[in-house]
Each structure stands twice: as C-alpha cells, then as structure tokens.
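Enquirer: how would this look folded up:
(one chain, ligands or ions: 1)
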Amino acid sequence: MTTSYDEVTYASTPKPQTQPDRLATLATLHSVIPAPMDRCRVLEIGCGDGSNLIPLAFREPGSRFTGIDLARTAIDRGREFSAALGLDNIEFIHTDVRDWDVAGREFDYIIVHGVYSWVPPAAREAILAICSSTLSPNGVAYISYNALPGCHFRSYVWDLVRFHTRAITDPRQKIEEARAIARQMMERLGDHPHQIAIKEECKNLIEADDWMVFHDDLAEVNTPLHLSEFVEAASRHGLEYLCDAEFGRDCLRAPFLATPDWLAELEYFDYSVGRRFRSSLLCRSGTTPDRDIQPSRLEGLLAASPVIPECEQADGAQKFILGEDKSLSTNHPFVKRVLCDLAARWPGCVPVASLTGQDDEVRDVSGMLLRLYAAKAVELSTRAPHLVDTVSDRPIASALGRLQLSRGGEVVTSQRHTSVHLTDELSRRLLMLLDGSRDRTALAAALVRPEDGGAAPSNPDQRIESTLDANLKMAVRLCLLVG
Ligand SMILES: C[S@@+](CC[C@H](N)C(=O)[O-])C[C@H]1O[C@@H](n2cnc3c(N)ncnc32)[C@H](O)[C@@H]1O
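Expert: Now for the predicted structure:
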C-alpha cells in the first residue's frame, strides 16, 4: 500500500524535546525515576525515516531502539542509513500501528511525534493501547498533537484549502492550488480583527514548505484536541498525565486563575495563549507524579547554559543572548553569576548541587533555576552528553555528522540532538576531515589541497589559517565534536 507519506516525503528532523534524557529529566522533577539513558529501551511510533531515532541510537550504543511506520519508503531509508552508520541497536518495522503485535515487548521511553492528531480515531486508540501495554513501570511516553483552542484559527484555513482542492488528486497541484487560494484570500481580506487573524494563517501556509502544506494543512485527517480531551483518552488506557515536554510557565504551577483543579488551570492557560500544539508526557496510572516540584528533585541533576553574556551595564543589569531574537536582562546577582559561569563552561555542564547562592543572594536556588529552565536560559539533564568542551590535538567530529555531510547534506545532528545548518562549504569540508587522524597542520594542509582532488579555494592559505581555529571552536560550541 502506498501512503501519502510515500507520495510526498516528510522532511523529518531530530526533535530535541523527544530525547530520552529530556523525558527523564522532566520525569525526575516530578518524582518519577525512569530507566538510565545508557541501558534503556526506546520505541518511536510513526518514526518516518528515523531522522529522530537514528541519532538517539547512535549516541547510546548500550540502549535498544525500535521504530515503526506505515510508509514503506521511509522505513527503507531508515534501514539503509542506520546500516551505513553501522548501528546494531536499532530496528525498523514496517507496520500499521493498528496491526502491530507487541506481545513480549516493553519500553522505557515511547516517542510519538507529529502522529496522534493526524491519524483516524482507531489509530489514536492503538497508540494509547501500545503505550499502556508496553510502558515499563516508571516509563515515560511522549505524544505530541495539534492543540485547541489555537488550532481553531488554523482549521479555518485548513477547511478553506481542502474545500478548494477537493477535486484535485495530484499532490503537487494540490499544494500549488492551496497556496493560490490562500494568496487570493489574503489580497481580498480587510482589516477587521477577524480578517487580520485569518490573513496571518494564510501567510503561514503560503510560506510553509511543500511537505508541510501537504501533510498538515491539506491532511485528510487533522483533529486538534484540548489537553483535557487527551488526558481523558489517556486515562481510559491506564495512563496518567505527567507534564508538558516543553517546560514553560504553565509547568511552574504559577497560579493562573487559581482554580484548585490543575487540569482546568492548564486548560485556562491554553485559552489565554491560544495554544496550537502540545507535547504531553504520560506515565502509568498509579505512578503518582508529584505535580509540585520539590527542590530536592533538582539535586542529582546537571545544569548547562548556551547563553552568550553581554557586558554588564552601569546600572548593574546584564543582557544574555538566548537565541537569534531572544535575550534576557537581569540585575539579579545570583542569576548573573550562574549564567556567566555556565556560559563559560558551555557545552559542558555542572552538578546543580554546585550552584549555591552566596550570602543572601538568593533564598530559593531551586525555584530560580526552574525559572531559568522555563525561560530556556538553563538546560537541565540527568547525565552529561557525549561531547567535548575543548578542541583536542586531533579533533573528532561525530561519525553521524560526517556521514550526513558525505551524502551531500548541509545539516548535521549535534550531540545535543539539534539540527545544525552548515551553510558554508569550508565548514562542511572541515567537519568531514575531523576523523581524529589529523592535527591542525594536517587539517590546514588538507583544506588547502582537497584530498578528493577538487579545486582549492581562492586565496587559500590566508583564509584557512584565519578560520581554522574559529571553525573548530564553533564546532565545540555547536556540540559537533566528540572525545
Ligand atoms: C507527520 S509524520 C511524522 C514523522 C516523524 N515522527 C517526525 O516527526 O518527523 C507522521 C508519520 O506517521 C506515520 N503514520 C501515519 N499513520 C500511521 C499508522 N497507522 N501506523 C504507523 N505509522 C503511521 C506516517 O507514515 C508518517 O511517517
């Protein structure tokens, strides 16, 4: 059987929020202690071509990974790539989730990303039934889905493009026509607040990649749901809501409407932010997660921070760059000191227990760290990732990244499970040379005289000498080097 995912390839990428270590950290914060990373069993339902699962299996050779998917072409690509990488701890199974026989199987972590609200009710039930019957006693399941109420606006445009393309069967033409009608709508809509909101949705669709338009906006099944509906469905299968995979303000349990019902609080919060997407973590009913995070739960964790500190200002405030368009300014002495310390050690991490306040700097260190975690200024983990924080004499880039580049890709998966776009050719050539056999002199020479016989870059010596060091340091910062 050919599925829509065989017809139009879905561009899967690693999803940092699905990493077992992230799930273990969040579970630990809620007093559920799942299996350790280096000896666990991971299942991904709807794994596509394994773009998420293969890097996980690559980094944890002592753990076992199983991916299932209905699209034969995606499963074939996953099998081929994992074999090329020499992995023997991963299996790919071509099956419909509704037909899969799970007898005798048990998993510590189950990942279901971008599947649940895009499949018919029977497949949704099958996903929850598999989680229920195969999750180990302290296991954690991650399930993401399009969410309400935010998707009410999105579904307005989904209905429009599905109606407009109802008679078209060719996927390419469907995608083109969906964009065409969205463009026409944008041109005709006025400035009433309702129309402005619809125009925004049309703009998002016009700018989205083809595969996203086809598999999301035009998807035959796309059923967003409220958190409470999801929690109710999970509980019918003996599964309990743990927390969201994106640790944010709602996870801090800051009172919103101060209702005594935690689920209603989250639901009201979703109304206030127009929530469009959720990634919910589940555990077995009876595991009794602690919904109020106890400070002691942070003690065994590690902390790291990718922030870039700017100079302190005259009034004592300091700005920290969090990402392309995000920053955090603070004049809190503890926050400034901790972020500066962690930033200097990035990508390394330190035990949370070592981050103590000095004098009366801060009374509630755990609370402060959790707020920094929610702001994405601090990363918490149960275990140090496999990476190096300095450039060695003969640097080594991960074999996964080198294989991705050798196949003509420009995107590599970091040791922190993020996608790194290497847009310039020199960085890509350098990373492929980092197999541990070359020191800096040999690297510079190889970059000047490409070993594949290709043309040397113009004005090579000057350019390469000046950029080799910077490129190697950047590779460390981007978590692309291993020990
Ligand atoms: C939107 S894609 C997400 C892929 C991947 N999880 C990701 O996030 O990149 C949905 C995946 O679910 C798979 N799928 C859909 N229905 C399925 C079913 N009934 N059984 C197993 N896999 C299914 C599709 O083939 C596709 O690979």
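
Enquirer: any regions of this structure where pLDDT drops low?
Expert: 253, 255, 357, 359-360, 449-463 (pLDDT under 70).

Enquirer: show me what from it comes close to the ligand.
Expert: By C-beta under 6 Å from any ligand atom, the residues of the chain that approach the ligand are 3, 5, 10, 12, 46-48, 68-71, 74, 96-98, 113-115, 118-119, 123, 215. Where C-beta positions appear, they are placed from N, C-alpha and C, glycine not excepted.

Enquirer: restricted to helices, list those residues.
Expert: Y5, A74, A123 (DSSP state H).

Enquirer: strands paired with the longest strand anywhere in the chain, and their directions?
Expert: Counting residues, the longest strand found in the chain (DSSP state E) is strand 135-146. Within its sheet, strand 135-146 is paired with strand 107-112 (parallel), strand 277-284 (antiparallel), according to DSSP bridges.

Enquirer: show me which residues of stretch 399-409 are buried.
Expert: By neighbour count on 16 or more other C-beta atoms under 10 Å, the buried set for stretch 399-409 is L400, G401, R402, L403, Q404, L405.

Enquirer: check stretch 387-400 too.
Expert: L387, V388, D389, V391, P395, I396, A397, S398, L400.

Enquirer: any idea how far apart the tips of that stretch sit?
Expert: Start and end residues of stretch 387-400 are separated by 13 Å (C-alpha to C-alpha, to the nearest Å).

Enquirer: re the thing from before, turn the strands paired with strand 135-146 into CSV, including distance to L431 and mean neighbour count.
Expert: Listed next are the strands paired with strand 135-146 as CSV, based on distance: least, C-beta to C-beta, whole Å; neighbours: other C-beta atoms under 10 Å:
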stretch, distance to L431, mean neighbour count
strand 107-112, 27, 27
strand 277-284, 30, 22
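
Enquirer: now render these as TSV, adding distance to Q195.
Expert: TSV is the format used below for these (distance: least, C-beta to C-beta, whole Å):
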stretch	distance to Q195
strand 107-112	36
strand 277-284	24
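
Enquirer: who wins for proximity to N471 among the ones you listed?
Expert: strand 107-112 (33.0 Å; C-beta to C-beta).

Enquirer: after the longest strand of the chain, which helix or strand is next?
Expert: helix 151-164 (DSSP states H and E).

Enquirer: list the buried residues for that following helix?
Expert: C151, F153, R154, S155, V157, W158, L160, V161, R162, H164.

Enquirer: which ones are touching Y142?
Expert: Q17, T18, L23, Y109, I110, I111, V112, H113, A245, S279, S280, L281 (C-beta atoms under 8 Å, 6 or more residues apart in numbering).

Enquirer: nearest to the ligand, of the residues you listed?
Expert: Using C-beta to the nearest ligand atom, H113 comes nearest to the ligand of the contacts of Y142, at 4.1 Å.

Enquirer: my read is that that closest one contacts T13, right?
Expert: No - with contact defined as C-beta atoms under 8 Å, H113 does not count as touching T13 (10.2 Å).

Enquirer: between those two, which one's more packed in?
Expert: H113 (21 against 14; other C-beta atoms under 10 Å).

Enquirer: that one and D69, how far apart?
Expert: 12 Å (C-beta to C-beta, to the nearest Å).

Enquirer: same deal with Y373?
Expert: From Y373 to D69 the distance is 32 Å (C-beta to C-beta).

Enquirer: ramachandran angles for the residue in the stretch 351-483 of the chain positioned nearest to the ligand?
Expert: Closest approach between the stretch 351-483 of the chain and the ligand, counting by C-beta to the nearest ligand atom: S419, at 11.6 Å. Phi and psi for S419, reported as degrees, to the nearest 10, are phi -90, psi 130.
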